[in-house]
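Student: pasting the sequence and the predicted coordinates here, then a few questions.
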Amino acid sequence: MICNQGVPTPTPTPTPRTPAPSGKKFCVPKPGATDAQLQAALDWACSQGTDCSPIQPGGPCAEPVTARSRAAFAMNSYYKSKGQVDSACDFSGAAQITTVDPSYGNCHYQ
């Protein structure tokens, strides 16, 4: 009879969780979009009457202060304001539609 006393049992390595699709649609920057493209998309979306107050200083989506993060919120807000039609998520080729909710912390995407 073999006894395993004193022999450590290997612990399984946890695998990182991949965000699960939410069933909703969101408009976010494409991975390869440049900061210049994202800044242009951000400026344009916010000039179209999109509510960009959450990405202003002190807002729930103000951090991180990157073109990608701020543009993501503005792109999605514009997309939602236009009824989620696919053509409202283009931004000169810098955006894409996803079902993965980009919300984080106190920043909640609709």
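Tutor: Looks like it came in fine.
Student: alpha carbons only for contacts and neighbour counts from here, please
Tutor: Noted.
Student: just give me the longest strand of the protein.
Tutor: What stands out as the longest strand in the chain, according to DSSP state E, is strand 21-29.
Student: give me the contact list for that one.
Tutor: Surrounding strand 21-29, the residues in contact under the criterion Cα atoms under 8 Å, 6 or more residues apart in numbering are 38, 68, 71-73, 75-76, 79, 84, 89, 94-102.
Student: pull out the buried residues from these.
Tutor: 38, 68, 71-73, 75-76, 79, 84, 89, 94-98, 100-102 (16 or more other Cα atoms under 10 Å).
Student: which elements pack onto the helix ranked longest in the chain?
Tutor: The helix that spans the most residues within the chain, counting by DSSP state H, is helix 67-81. Using 3 or more Cα pairs under 8 Å, 6 or more residues apart in numbering; DSSP states H and E, the elements in contact with helix 67-81 are strand 21-29, helix 35-47.
Student: with just CA atoms, put stretch 46-63 into PDB.
Tutor: The C-alpha coordinates for stretch 46-63 follow below in PDB (Å, rounded to 0.1, in the frame of the first residue of the first chain):
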ATOM      1  CA  CYS A  46     -19.100  64.900 -28.300                       C
ATOM      2  CA  SER A  47     -19.800  67.700 -30.800                       C
ATOM      3  CA  GLN A  48     -23.000  65.800 -32.000                       C
ATOM      4  CA  GLY A  49     -24.900  66.200 -28.800                       C
ATOM      5  CA  THR A  50     -23.600  63.000 -27.100                       C
ATOM      6  CA  ASP A  51     -23.600  63.300 -23.300                       C
ATOM      7  CA  CYS A  52     -19.800  63.300 -22.700                       C
ATOM      8  CA  SER A  53     -20.100  64.600 -19.100                       C
ATOM      9  CA  PRO A  54     -19.200  61.200 -17.600                       C
ATOM     10  CA  ILE A  55     -15.700  61.400 -19.200                       C
ATOM     11  CA  GLN A  56     -15.100  65.000 -17.900                       C
ATOM     12  CA  PRO A  57     -12.900  65.500 -14.800                       C
ATOM     13  CA  GLY A  58     -14.700  64.200 -11.800                       C
ATOM     14  CA  GLY A  59     -17.100  62.000 -13.800                       C
ATOM     15  CA  PRO A  60     -17.400  58.300 -13.200                       C
ATOM     16  CA  CYS A  61     -15.700  57.500 -16.500                       C
ATOM     17  CA  ALA A  62     -13.000  60.200 -16.400                       C
ATOM     18  CA  GLU A  63     -10.200  57.700 -15.500                       C
END
